[in-house]
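> generate a structure from the sequence data that follows.
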Amino acid sequence: NKIKAALKSDLTAIFCVGELLEERQEGKTESVIRRQLEEGLDSITADEMGKIIIAYEPVWAIGTGKTATPKEAQEMHSFIRKFITSMFTEIVAKNVRILYGGSVKADNIAEISAQPDVDGALVGGASLKADSFSQIITNYKIK
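Numbers count the residues shown, from 1 in each chain. From the prediction side, this is the model:
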């Protein structure tokens, strides 16, 4: 388990989950994410979850300019949090940070970050330009 190996090295692991466009269109998003969480967190303990960050990164949105709507992001983050509750405990689920990463930009971060189960953002290409990244930071909604 690669996550377990990262934790042994005293790193914080960012575990990314996400579905392909055809999986979303076929209504398979939750089953795909559930499988990824089950397989990725299989041997992880509740204590180790404190060193893991989960990022929901819809594959169809990475580098495409497309992004999940704030409602879609919230639905998936809520689903992930509920799954973590069922796998561990409600306390573990409340404490785990779940980030959104899928074409995060200055013009979508405010609405996405305002969602109750979105704890932050995993910014990719938009972090490569100082002006763009600065605007993302400015528009981010701190809860």
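> those helices in this protein, which residues are they?
Taking DSSP state H as the criterion, the chain carries its helices at 2-8, 21-25, 29-40, 46-49, 70-87, 90-95, 109-113, 130-139.
> hey, C-alpha coordinates of the fourth one in PDB?
Coordinates of each C-alpha in helix 46-49 appear next as PDB, following Å, rounded to 0.1, in the frame of the first residue of the first chain:
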ATOM      1  CA  ALA A  46      -7.900   5.600  12.500                       C
ATOM      2  CA  ASP A  47      -4.700   7.200  13.900                       C
ATOM      3  CA  GLU A  48      -3.000   7.100  10.500                       C
ATOM      4  CA  MET A  49      -6.000   8.900   9.000                       C
END
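> list the helices and strands that helix packs on?
Packing partners of helix 46-49 (3 or more Cβ pairs under 8 Å, 6 or more residues apart in numbering; DSSP states H and E): helix 90-95. (C-beta placed from N, C-alpha, C; glycine too.)
> now the helix it packs on: how far from the chain's centre is it?
15 Å (Cα atoms, centre = their mean, to the nearest Å).
> that older thread, and of the helices of the chain, who's closest to Gly120?
Closest approach to Gly120 among these is made by helix 109-113 (7.4 Å; Cβ to Cβ).
> could I get the average pLDDT for the closest one?
For helix 109-113, the mean per-residue pLDDT is 96.
> try stretch 123-130
Averaging pLDDT along stretch 123-130 gives 91.
> can you check stretch 94-106 too?
In this model, stretch 94-106 has a mean pLDDT of 94.
> how far off centre is it?
Relative to the centre of its chain, stretch 94-106 is centred 5 Å away, using Cα atoms, centre = their mean.
> determine how far the last residue of it lies from the first.
End-to-end distance of stretch 94-106: 27 Å, with Cα to Cα, to the nearest Å as the criterion.
> in this structure Ala6 contacts Ile44, no?
No: judged on Cβ atoms under 8 Å, Ala6 makes no contact with Ile44 at a distance of 10.8 Å.
> and those two? which has more neighbours close in?
Comparing Ala6 with Ile44 by neighbour count (other Cβ atoms under 10 Å), the higher total belongs to Ile44, at 19 against 16.
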